[in-house]
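Engineer: The sequence isn't on hand, but the structure is:
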């Protein structure tokens, strides 16, 4: 991911977003049951999948930190989890708005998918409490890496909750037989998902560049002191 | 505007407001980094003058 120049990533993300929004509002057909509000799906689901990707990427970097100890893996894991929390917040917010118009309520405690996603989100929110309560150093990096790896177990549980619970309120759209939607809807969804993943890559690289610069400046300040 | 239109607009607006907030945070951080680099350059210049 770090080999792609940031300017290229920003351009590709902007172009993909323009294409995704055009497809969502001018190409995808109106849902006969939900009408216009069904279009929230094209942002809500890709944001949720991107949040899973961020947490997964954070866990992978944490594993690398514990296994091969490459320089910067701890920082990369932290930034990915930070992005995951941002995308997770957006998943909960857009999901709540969609729930309000579709189900008449902002939240359903009886829905496994919602509750498990909230548990995953809160678990990774607590990651920051751990990180900022321990002094900077190798011990903190190791503790955070182990914590990030524990959280990854929750990702498949949260992802497959729809399939496990057989919930009526949260329908299963992607089945083994194929997506339960029209071809134009699936194409729009795929473009929105790619756009969201590119957004993650852009934000990840931007934040990482800022953090690396911060560290180098701190080092330089210490050398000059 | 129908309720459906209002809620759909709100959902998309939430995402764009969050993106905008993120860009603003990054911009303020960049300004801070620029200030820090400026201070360090100033310190190095002073040291250069002292030793020269």
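Structural biologist: That came through fine. None of the values given here were measured: they were computed from a predicted structure. Numbering: from 1, shown residues only, chains lettered A, B, ... in the order given.

Engineer: Could you tell me which residues of chain A lie near chain B?
Structural biologist: By C-beta under 8 Å from any C-beta of the partner chain, the residues of chain A that approach chain B are A:34-37, A:39-40, A:43-44, A:47, A:86, A:89-90, A:93-94, A:97-98, A:100-101, A:199, A:203, A:206-207, A:210, A:213-214, A:217, A:220-221, A:224. Yep, even glycine has a C-beta here, placed from its N, CA and C like the rest.

Engineer: hmm, which of these are the buried ones?
Structural biologist: With burial judged by 16 or more other C-beta atoms under 10 Å in any protein chain shown, the buried subset of the residues of chain A next to chain B is A:34, A:36-37, A:39-40, A:43-44, A:47, A:86, A:89-90, A:93-94, A:97-98, A:100-101, A:199, A:203, A:206-207, A:210, A:217.

Engineer: Secondary structure element holding residue 11?
Structural biologist: Using chain A. Element membership for residue A:11, per DSSP states H and E: helix A:6-26.

Engineer: hm, I was asking about chain B
Structural biologist: Using DSSP H and E, residue B:11 maps to helix B:3-51.

Engineer: Show the model's pLDDT score for residue A:7.
Structural biologist: The confidence metric pLDDT takes the value 88 at residue A:7.

Engineer: for chain B, which spans come out with low pLDDT?
Structural biologist: Applying pLDDT under 70 to chain B picks out residues B:51-52.

Engineer: Closest residue of it to chain A?
Structural biologist: residue B:7 (4.0 Å; C-beta to the nearest C-beta).

Engineer: Name the SS class of the spatially closest residue to that residue that is not a sequence neighbour, please.
Structural biologist: Spatial nearest neighbour of residue B:7, chain neighbours left out: residue A:101 (4.0 Å); criterion: C-beta to C-beta, 6 or more residues apart in numbering or on different chains. Assigned with DSSP: H, G, I helix; E, B strand; the rest coil, residue A:101 falls in the helix class.

Engineer: Residue A:101 and residue B:3 touch, don't they?
Structural biologist: Yes. Using C-beta atoms under 8 Å, residue A:101 is in contact with residue B:3, at 6.4 Å.

Engineer: what's the pLDDT at residue A:68?
Structural biologist: pLDDT at residue A:68 comes out at 89.

Engineer: Can you tell me the number of residues neighbouring it?
Structural biologist: Residue A:68: 8 surrounding residues under other C-beta atoms under 10 Å in any protein chain shown.

Engineer: Run through the neighbouring helices and strands of the helix holding residue A:11.
Structural biologist: Helices and strands touching helix A:6-26, by 3 or more C-beta pairs under 8 Å, 6 or more residues apart in numbering or on different chains; DSSP states H and E, are helix A:41-67, helix A:183-224.

Engineer: just these: most buried one?
Structural biologist: Stretch with highest mean neighbour count among the helices and strands packed on helix A:6-26: helix A:41-67 (a mean of 22; mean count of other C-beta atoms under 10 Å in any protein chain shown).

Engineer: on that earlier part again, in contact with the residue of chain B closest to chain A, which residues?
Structural biologist: By C-beta atoms under 8 Å, 6 or more residues apart in numbering or on different chains, the contact set of residue B:7 is A:37, A:40, A:97-98, A:100-101.

Engineer: Around chain A, which positions in chain B sit nearby?
Structural biologist: Within reach of chain A by C-beta under 8 Å from any C-beta, chain B has these residues: B:2-5, B:7-8, B:10-12, B:14-15, B:18-19, B:22, B:26, B:29-30, B:33, B:36-37, B:40, B:43-44, B:47.

Engineer: Buried ones only from those residues, please, as a ChimeraX command.
Structural biologist: Here is the ChimeraX command that picks out the buried ones among these, judged by 16+ other C-beta under 10 Å:
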select /B:4,7,8,10,11,12,14,15,18,22,29,36
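
Engineer: returning to that earlier point: now do the helix holding residue B:11 against helix A:183-224: the angle between them, please.
Structural biologist: Relative orientation of helix B:3-51 versus helix A:183-224 (axes from the mean of the first three to the mean of the last three C-alpha atoms, to 10 degrees): 20 degrees.
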